[in-house]
Each structure stands twice: as C-alpha cells, then as structure tokens.
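**Student:** Would you be able to build a 3D model of this:
(one chain, ligands or ions: 2)
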Amino acid sequence: MRVILSTAPARYWQTTNFMLTNFPPLALASCAAAISPPHEVMIVDNAKHRLRSHNLFNHVKNFGADVVAFTNNFYPDSLIIQEVSRQLKEAFPGLITVVGGQAPSFLPEEYIESGLDYVVLYEAEETFAELMEFLAGRGDKSVDQIEGIAWRDEDGQAVVNPRRALLQDFDPMKMPRRDLLPHYPSITRRGYPSTAIETVRGCPYHCKFCTRPTYWGKHRDYSNDRILEEFALIKRQGFKEVMFTDDMMATDHAKMYALCEELIRRNLQISFGGALRADTAARHPELIAIMRRAGLFFVNVGFESYSRKALKDMNKASTIDINKKASETLRRNGVLILGSHVYGAPGQTDEDLALITRDGMEHCDFFRMNMYTPQVGSALFYEMTREGRMPSRNPEMFNQFEYLFDDGRDPEDMKWGFVKRQLQYYFHPSILKHAIRNKTPKDRVIRRAYLSAAMFTGYRSLRKVGIEIM
Ligand code: B12
Ligand code: SF4
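**Tutor:** Ligands and ions are numbered 1, 2, ... in the order given. Take a look at the predicted model:
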C-alpha cells in the first residue's frame, strides 16, 4: 500500500504554532515506522503552510496514494480534516481515509459518520500496522476483529471495536522514521535541524482541564536504555536539538537524573527542551542543574494562574509560591522559560486575571496565555456537559480563543479582556526589543511569536470580512 500520513490542513489558529515550530509531528514518524516496509510511506506536514491550507491533492496524485491518514489531537481541526477527507474521496475514488489521535479517539462516531473510513483509537503502532495489513488483503483478522479501530458497517453505521491493551514495554518499538519528516530549524544552532523524542506516555497528574490523564490513563516510561539509544541515533543523524513530546518531563526525578548522568558520561549532550511541572523545578534544583548540564535549554511550564483559588479549582496541585520558586531555579540555571497560562477559569476573579500578565511577564521569558477551554475528553468537559454549561459544541469554538462557559460572565467582555492582556505583553518595550534584535534563541522565539500573532490577527480579521484563506 502507498500511504500518506498527514497533519491537519492548516487553519488560521494554527499560526500560533509558529511560536514553537521545532516540534515535528512525531506521531506520524512513529506510525510510519510501524508499517514501513512493506508499505511505502510519505509524510506531509500541512501545519508548516503559512499562506494556504494544504496541497494534498497533488501529493495524492503524484505519490499514487491508496491511503491518506491524518493526525488529529486538537478537536478544532476535526471539521477541516473531515471536509478535506470527503473532497479527496470524491477526487480519487477508492482512496481510503483514516484518522488517529486524541479527538477521534474520544469521538470516533463523529468522524465515521462524517465519511472517514477508519479511526485508529488511542495508542496506534500495533493497530495501524494490523489495519494496513487488512487493507492490503494480507491480514489474518476480519475488520471486526481488529482491536482499537472504528469503521463503518454495510448499513453505514459506525462500529467501535474494543480498545487494544496499552503497550507495557517500548523497547521493541521501531525508531520513528525521522528521515521522512521535513526540516525543522533548531532554535539554539541556526541552520541546523531539530527533532522530537518521546520518553513517556501519559501524565500522573489530573488537572481538570487537561485531556492527557483520560487519553493515556496510567503513565508509562520508556526505559533509559532505549532513550539513550535514540539520543545516539538522533546525534548520528545530525540533529542539533531535540524537543521532548512528553506530557511532563522528569515526573520520575531519579530516572531523569540517571538519564542526564548517562548522557553526560557518554558525551551525548544535545540541546533539549520540553514541558516541566513548576513543582519539579521548585523542589529539585539539583535535578535542574544536571538537566542543564546534559543540554536542557528550554522548558514549557504550566504556571496557569497566580491565584490560589484558581489553581485549586483546576486541580493543578501547585501554588503561587511554587510558581515563583520554579522560575527562580530555572533562571538561575540559565534555562529559558515559556510560561503557559489560562485565562477565564471559573475560579479566577478580575484581580487574578490582571495578575496573569503582570506576574507572568515577571516569571517567564516567553508568555503564553490560552482561554480556559473544556477540551473534549477532559474532566472539565464532562462536568460542564453534565451541568449544561457549555453553550456551543461547534468544534471550531474549542480553539482556545473563545469563552465557552455559561457562568454569568459576558463572553464578549472576557474575550476583550483576553485580547487586552495579550496586547499588554506584545507592546511592552522590554518584549519588543527582543523581536527587533533577533540574535539569541530568546530573541528568535519572541520574534516568531510576533509573526504568529500578526498572522493570526490578519487571518481572523480577513475572515470577518468574508475572505477565508485558511
Ligand atoms: C508537539 C505538540 C505540539 C506541536 C505539534 C507538532 C505537530 N506538528 O504535531 C505544536 C507545538 C505545534 C503544538 C501546538 C498545539 N498544541 Co500541542 N502538543 C504537542 C505534544 C506536546 C506532543 C505531541 C506528540 O508528538 N506526541 C508524541 C506522539 C507519538 O504521540 P501522539 O501524538 O499522541 O500519537 C499517538 C496516538 O495519539 C496516535 N496518533 C496520533 N496521530 C495519529 C495519526 C494516525 C494516522 C494514527 C494511525 C495514529 C495517530 O498514535 C501515536 C502513537 O501511538 C502534545 C502532548 C503529548 N504529550 O502528546 C500536545 C497537545 C497535543 N497539544 C495540545 C494543544 C492544546 C495545542 C495547541 C492548541 C496549543 C496552542 N494553544 O497553540 C496547538 C494546537 C495545534 C493543532 N492545531 O494541533 C493539547 C491538545 C489538547 C486537546 N485535547 O485539544 C496537548 C495534548 C497538550 C496538553 N497537555 O493539553 N502541539
Ligand atoms: S496539564 Fe500537564 S500536569 Fe496537568 S494533567 Fe495535563 S499534562 Fe499533566
């Protein structure tokens, strides 16, 4: 089979990805490894498009694809995937379309009813390989026997097969096909490529707004031996930077410490970054120091809020004090901090909301803020649905820029407050100067954030006057 693995056709909200473009779609490289050979695979990364949505039709034609399979973690991308999938099937009769990732795993029927042929549910490597063998006519299972897929029966009804058991050992898994991914530029070494690595699946915490605990359930670690082997391969392949896709790096502190010791001992240091909990940085300064020596240059910390009540309400298991300490420790070690914040959580008062930009700017090198959103699959989503407090189920409204709660606050006021605080950040002279200078990694990320914010605003404004580019 000739298989195209693709990211979602770009939509205007994806311009905000521009901030962190050095994350290639690792899921696609991992699924490619699971099936190739014998299948021939091509990866198309639409998320890299800035001025148009995609050019999938040409790729399908030129590659002679039998299957197009999309990755879809973010629910707002579901409509464009469903629409393009319908158009592709019309243009290329016989083409099979597949989707995998978070949103379709939580809502498989929605995708099958919209016309996609198969959904691969949750963890995919084994399931996808079995599905491809079945489609190639070589498998020993019938469609209803393949665990972990959803499909359409002869009456046009969606059928969701039982879930597949999760992998318990990642060591035998093939290395992701990084050779099929496009070039992603390094932030730390200009002109060199950057890549991604996965060392964990899942997160042991239970933040109310997050989908990760429900998606993966119990968290599972890759062994340090496997991670070291992958680091060695990444270095041999010429990458100068690697981003951890883990929900949370270093939840097992001792294991991360041992990994860093070994990276240093084997001379495998390479610039790396990823998501880290504030309490890990605050409580384990010695861990941050060794991570820094092993190559850590950048962390994404979910500070979320500087209000005690809001942190408690969202079950963040963190405090304002921890946020401050984490920032101090990371700064002392010279690690760049992207601080993620949420705006508009039900526990946040007006005063708390004002604090987000003030304290956020103080604690971070890069400030990011999203509207508090009950993402499909999160505990918050189920709670709000149960209580009938979500006025819209339009997938595109879940893009993290809309205020989706029915809680007595005016959604327009909330949106304006959100925009105002973003502007406060972007027009602050101490931030602007980095974008203009554009010399250090920090400058470069801030400059990219400006470009991304400008594109987002531009595309959104054009839509308001009826011009839809993507
Ligand atoms: C890297 C990353 C990004 C990169 C994306 C790079 C890329 N092109 O893929 C960047 C930085 C651009 C990004 C942007 C955003 N992201 Co992001 N991102 C991640 C992160 C950290 C890692 C994803 C990854 O590579 N995982 C490793 C792979 C191997 O795992 P996986 O993707 O789950 O894939 C497995 C299965 O899901 C399945 N599968 C997945 N896709 C497919 C496809 C096929 C065909 C098949 C068969 C199977 C399959 O098989 C894989 C192997 O088992 C995840 C958190 C996480 N740990 O996964 C958040 C995450 C997916 N992102 C999230 C969010 C919110 C965003 C943004 C909205 C942030 C923002 N405010 O701008 C945007 C939205 C972008 C978009 N439109 O999708 C949320 C999604 C929440 C939700 N339910 O909607 C997550 C879960 C983080 C979180 N903790 O909340 N993100
Ligand atoms: S927000 Fe972060 S710490 Fe909380 S459950 Fe999600 S991945 Fe884990």
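**Student:** For the stretch 301-450 of the chain, list the residues in contact with ligand 2, please.
**Tutor:** Among all residues of the stretch 301-450 of the chain, those adjacent to ligand 2 (criterion: CB under 6 Å from any ligand atom) are Gly302. (C-beta placed from N, C-alpha, C; glycine too.)
**Student:** And the helices in the stretch 301-450 of the chain?
**Tutor:** When assigned using DSSP state H, counting those that start in this stretch, the helices of the stretch 301-450 of the chain occupy the ranges 308-313, 320-332, 350-363, 379-386, 411-426, 429-437, 441-464.
**Student:** how's this protein carved up into domains?
**Tutor:** In terms of domains, the chain is parsed into 2-160, 183-426 (source: automatic domain parsing).
**Student:** among the ones you listed, which is nearest Ser452?
**Tutor:** In terms of CB to CB, the element of these nearest to Ser452 is domain 2-160, at 3.4 Å.
**Student:** is that closest one up against ligand 1 anywhere?
**Tutor:** Yes. Remark: domain 2-160 sits within contact range of ligand 1 at 5, 7, 14, 16-17, 20, 23, 25-27, 30-31, 47, 69, 71, 73-75, 77, 98, 100-102, 120, 123-125, 128, by CB under 6 Å from any ligand atom.
**Student:** So which of the residues you listed sit within helices?
**Tutor:** When DSSP state H is applied, those are split such that Leu26, Ala27, Ser30, Cys31, Gln102, Glu125, Phe128 fall in helices.
**Student:** ok, Ala32 touching Arg177?
**Tutor:** Yes. The criterion here is CB atoms under 8 Å, and Ala32 meets it with Arg177 at 4.1 Å.
**Student:** Neighbour count: these two, which is higher?
**Tutor:** Between Ala32 and Arg177, counted using other CB atoms under 10 Å, Ala32 has the larger neighbour count: 25 against 19.
**Student:** Can you name the residues that contact the more buried one?
**Tutor:** Counting by CB atoms under 8 Å, 6 or more residues apart in numbering, Ala32 touches Val3, Leu5, Val41, Ile43, Pro176, Arg177, Leu180.
**Student:** nearest spatial neighbour of the fifth one, skipping sequence neighbours?
**Tutor:** Spelled out, that is Pro176. Leaving out its chain neighbours, the residue that sits closest to Pro176 by CB to CB, 6 or more residues apart in numbering is Ala29, at 3.6 Å.
**Student:** before we move on, what about the second one?
**Tutor:** Using CB to CB, 6+ apart and skipping residues adjacent in sequence, the residue nearest Leu5 is Leu28, 4.1 Å away.
**Student:** low-confidence ranges in the protein?
**Tutor:** Across the chain, residues meeting the criterion (pLDDT under 70) sit at 17-21.
**Student:** ok, so what distance separates the residue sitting nearest the centre point of it from Asp247?
**Tutor:** With distances taken as CA atoms, centre = their mean, Asn73 lies nearest the centre of the chain, 6.9 Å away. Look at Asn73 and Asp247: by CB to CB, to the nearest Å, they are 12 Å apart.
**Student:** go on, Val160?
**Tutor:** 25 Å.
**Student:** Quick check: the residue of the stretch 301-450 of the chain nearest ligand 2.
**Tutor:** Proximity of the stretch 301-450 of the chain to ligand 2 (CB to the nearest ligand atom) peaks at Gly302, 5.3 Å away.
**Student:** Need the overlap of contacts for Ala32 and Arg177.
**Tutor:** The contact sets of Ala32 and Arg177 overlap at Val41, Ile43 (CB under 8 Å, 6+ apart).
**Student:** buried residues in stretch 449-460?
**Tutor:** Applying a neighbour-count criterion of 16 or more other CB atoms under 10 Å, one finds Ala449, Tyr450, Ser452, Ala453, Met455, Phe456, Tyr459 buried in stretch 449-460.
**Student:** re earlier: if I pick the residue nearest to the centre of the chain, what's in contact with it?
**Tutor:** If a contact means CB under 8 Å, 6+ apart, then Asn73 has Ala27, Gly101, Gln102, Ala103 as its contacts.
**Student:** any chance of those residues in CSV, with distance to Val342 and neighbour count too?
**Tutor:** Written out in CSV, the entries for the contacts of Asn73 read as follows (distance: CB to CB, whole Å; neighbours: other CB atoms under 10 Å):
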residue, distance to Val342, neighbour count
Ala27, 25, 21
Gly101, 22, 26
Gln102, 18, 21
Ala103, 20, 27
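**Student:** that's a strand at Thr195, yeah?
**Tutor:** Yes. Secondary structure of Thr195, determined by DSSP: H, G, I helix; E, B strand; the rest coil: located in a strand.
**Student:** any idea how far it is from Met371?
**Tutor:** From Thr195 across to Met371, the span is 31 Å (CB to CB).
**Student:** More neighbours: the two, which one.
**Tutor:** Set side by side, Thr195 and Met371 show unequal neighbour counts under other CB under 10 Å, the larger going to Thr195 at 24 against 20.
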